[in-house]
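Participant: One predicted model, sequence on top.
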Amino acid sequence: MLGLKSKPLAADKSDKIGRVLVFIYLALFFCFLVLPLFALMSKSMQNAEGVFVGLENFKVYLKDPALFKSFFHSLFVAFVSTVIVVCLGFLYAFALQCTCIPLKGFFRVVSLIPLLSPSILAAIALVYWFGNQGVFKELLLGNSIYGPIGIIMASVYWTFPHALMILSTSLSLSDARLYEASDALKASKLRTFFTVTIPGAKYGIISTTFVVFILVFTDFGVPKVIGGNYNVLATDIYREVVGMQNFQMGAVISIVLLVPALLAFALDQFSRKRQASQLTSRAVVYVPKPHKLRDNLLLCYCLLITVLVFLMLGMAQFGALVKFWPYNLSLTLKHYNFEVAGLGWDSFYNSVRMSLYAAFFGTIIIFIGSYLIEKMRSDKTLRDVLQMIALMPMAIPGIVLGLAYIFFFNMKDNPLNFIYATMIILVINTIVHFYTVSHLSAITAIKKLDSEFESVSLSLKVPIYKMFFRVTLPVCLPTVFDIFIYLFCNAMTTVSGVI
């Protein structure tokens, strides 16, 4: 009888801890995401003097025919970029996780290099390659790089590692028993790929799709540099806020960009209901077997991607070393003289400090939050709300989140006003800004763990925190390191939020 009573007591205790943590996370999101966005929304309903005018600003913006043109421009480049990135990223992740090609570590490192630079670097490199004075501008057959072609090419480059992180995680914990069953049934490698590999990575593919779509949809760096006269919504925000100092209209356009977050949440919930846990307590980690033709083809593919990455980085570096492109190509280091701007190396040290803080605290917060959403059994409605809010930062451009923080934390009656204009607000802004991709990576990894692990721990009276540190964290440790690196690199290269 005592044994029968111990189970519900353990369950009740873990549920109570989970409920408290969920409320803490909701409170944090409320303070650092919801309330700033509410301040932003309030600004969109005010005139330049701060007087409430309702939806007048929205009416003014909707009467502008350029809105629909920019909106469909954004949809087009985001859709095309997403299709290309998901296809390229999945094939690359498959080569790293499910084949026996050599130099996997090297290819993985190279594929993540674009994380080390802001998105505008890809646009600048493409200008050097295909611009009006570019080396290979003839390859565009008379088309201009300044427009949708350039935006799509640059967007594919800088979003590729974001997609690869999620897809690699999705493929890394494949169950070898499914492949053994396919071999026993004499299924071809191609059929196994379409009936075992792709269905097993379905959730990761769906997550990657809307992550890349929203990244491209909300980015303003690439369109600003290489978009030319091809306006998108993100550049409209930048023009209104930075160019015209029209904060009210910038807030209006920002709210329009929140629509993809709601769509992303609907897709995520739809797929989650149909996704079963793939790594059960009886699962066997898949170890690929050599296949000469497949391995050679994918090795060539990885080499091609590697060459393209190095070409982009090499051209950007070469452009930084020449005196005056393309008229004086002699090399110089004068562009690296940071003292000229009067800032010295302080900016670099501040960037490193901010990045370390954001990566360390962000990794802990994001992984625990993802575990709460995926594995805690109590308060499903609250966890669904937390999941929805966790997806919202993906749809918020950095410049919009920065504006929201200015409107909210600069209020004198705000008790959190003391963090304004400090390193703390930069760290918080960075964590919130890059929360979603890391969150989805953690969710994808945790989702593969069968709930049977938690049930067994409860039946053995093992506290939930011991289960977390002994099983969940060790299994997901590669993903944890990926999240840390992702946050650090993005914090080092972020521009919009800091501006």
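Facilitator: Thanks, I have the structure now.
Participant: Now do the strands in the protein.
Facilitator: Counting by DSSP state E, the chain has strands at residues 322-324, 328-331.
Participant: Make a markdown table out of those strands and add mean neighbour count, distance to residue 130 and mean pLDDT.
Facilitator: Heads up, the C-betas are built off the backbone N, CA and C, glycines and all. Below are these laid out as a markdown table (neighbours: other Cβ atoms under 10 Å; distance: least, Cβ to Cβ, whole Å; pLDDT from 0 to 100):
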| stretch | mean neighbour count | distance to residue 130 | mean pLDDT |
| --- | --- | --- | --- |
| strand 322-324 | 12 | 17 | 82 |
| strand 328-331 | 10 | 18 | 82 |
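Participant: okay but residue 376 is in contact with residue 382, surely?
Facilitator: No: using Cβ atoms under 8 Å as the test, residue 376 is too far from residue 382 to be in contact (9.5 Å).
Participant: Now do the shared contacts for the two.
Facilitator: 19, 22 (Cβ atoms under 8 Å, 6 or more residues apart in numbering).
Participant: between these two, who's got more neighbours?
Facilitator: Between residue 376 and residue 382, counting by other Cβ atoms under 10 Å, residue 376 is the more crowded of the two (21 against 18).
Participant: okay, now the closest residue to the more buried one other than its chain neighbours: neighbour count?
Facilitator: Spatial nearest neighbour of residue 376, excluding adjacent residues (Cβ to Cβ, 6 or more residues apart in numbering): residue 18 at 3.6 Å. Residue 18: 20 surrounding residues under other Cβ under 10 Å.
Participant: what does residue 347 give?
Facilitator: That count, for residue 347 with other Cβ under 10 Å as the rule, works out to 11.
Participant: From residue 498, how far off is it?
Facilitator: Remark: distance between residue 347 and residue 498 (Cβ to Cβ, to the nearest Å) = 10 Å.
Participant: Show the low-confidence segments of the stretch 301-450 of the chain, by residue range.
Facilitator: Scanning the stretch 301-450 of the chain for pLDDT under 70 picks out the ranges 338-344, 377-378, 450.
Participant: Likewise for the stretch 1-150 of the chain?
Facilitator: Along the stretch 1-150 of the chain, the parts satisfying pLDDT under 70 run over 1-15.
Participant: can you give me the helices for it?
Facilitator: Along the stretch 1-150 of the chain, counting by DSSP state H, counting those that start in this stretch, helices occupy 2-29, 35-44, 56-62, 66-98, 104-111, 119-130, 148-172.
Participant: will you turn these into CSV that also has distance to residue 363?
Facilitator: Shown next, in CSV, are the helices of the stretch 1-150 of the chain (distance: least, Cβ to Cβ, whole Å):
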stretch, distance to residue 363
helix 2-29, 15
helix 35-44, 23
helix 56-62, 39
helix 66-98, 21
helix 104-111, 19
helix 119-130, 22
helix 148-172, 13
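Participant: Give me whichever of those is most buried.
Facilitator: helix 148-172 (a mean of 25; mean count of other Cβ atoms under 10 Å).
Participant: That one packs against which elements?
Facilitator: helix 66-98, helix 104-111, helix 119-130, helix 202-218, helix 221-226, helix 292-321, helix 435-447, helix 477-493 (3 or more Cβ pairs under 8 Å, 6 or more residues apart in numbering; DSSP states H and E).
Participant: any chance of those helices in JSON lines, plus distance to residue 58?
Facilitator: Output for these, formatted as JSON lines (distance: least, Cβ to Cβ, whole Å):
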{"stretch": "helix 66-98", "distance to residue 58": "10"}
{"stretch": "helix 104-111", "distance to residue 58": "42"}
{"stretch": "helix 119-130", "distance to residue 58": "29"}
{"stretch": "helix 202-218", "distance to residue 58": "19"}
{"stretch": "helix 221-226", "distance to residue 58": "23"}
{"stretch": "helix 292-321", "distance to residue 58": "40"}
{"stretch": "helix 435-447", "distance to residue 58": "26"}
{"stretch": "helix 477-493", "distance to residue 58": "32"}
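Participant: Which among the ones you listed is found nearest to residue 424?
Facilitator: helix 477-493 (13.7 Å; Cβ to Cβ).
Participant: Give me the angle between the closest one and helix 119-130.
Facilitator: For helix 477-493 against helix 119-130, the angle by axes from the mean of the first three to the mean of the last three Cα atoms, to 10 degrees is 70 degrees.
Participant: Can you list the neighbours in contact with helix 477-493?
Facilitator: In contact with helix 477-493 (Cβ under 8 Å, 6+ apart) are residues 112, 115-118, 165, 169, 172, 351-352, 354-356, 358-360, 362-363, 366-367, 430-431, 434, 437-438, 441-442, 444-445, 473.
Participant: try it again with 6 Å
Facilitator: Contacts with helix 477-493, where a contact means Cβ atoms under 6 Å, 6 or more residues apart in numbering, come from 115-118, 165, 169, 351, 354-355, 358-359, 362-363, 367, 430, 434, 438, 441, 445.
Participant: Stretch 406-417 too?
Facilitator: 35, 36, 39, 40, 43, 420.
Participant: Who are the contact partners of the fourth one?
Facilitator: Taking Cβ under 6 Å, 6+ apart, we find residue 40 in contact with 251, 404, 407.
Participant: who are the neighbours in contact with the residue nearest to it when sequence neighbours are not counted?
Facilitator: Leaving aside its sequence neighbours, residue 40 sits nearest to residue 404 (Cβ to Cβ, 6+ apart; 4.2 Å). By Cβ under 6 Å, 6+ apart, the residues touching residue 404 are 36, 37, 40.
Participant: Residue 442 and residue 436, how far apart?
Facilitator: 11 Å.
Participant: repeat for residue 197
Facilitator: Taken as Cβ to Cβ, the span from residue 197 to residue 436 is 26 Å.
Participant: Which of the two has more residues huddled nearby?
Facilitator: Taking other Cβ under 10 Å, residue 197 and residue 436 do not tie; residue 436 has more neighbours (24 against 20).
Participant: what number of residues lie near residue 421?
Facilitator: So residue 421, with other Cβ under 10 Å, has 12 neighbours.
Participant: Could I get the phi/psi values of it?
Facilitator: Backbone torsions of residue 421, given as degrees, to the nearest 10, read phi 60, psi 40.
Participant: Next: residue 246.
Facilitator: Here residue 246 shows phi and psi, under degrees, to the nearest 10, equal to phi -100, psi 80.
Participant: The residue nearest to it when sequence neighbours are not counted: neighbouring residues, count only.
Facilitator: Excluding the flanking residues, the one nearest residue 246 by Cβ to Cβ, 6+ apart is residue 240, at 4.5 Å. Residue 240 has 20 neighbours, counted by other Cβ under 10 Å.
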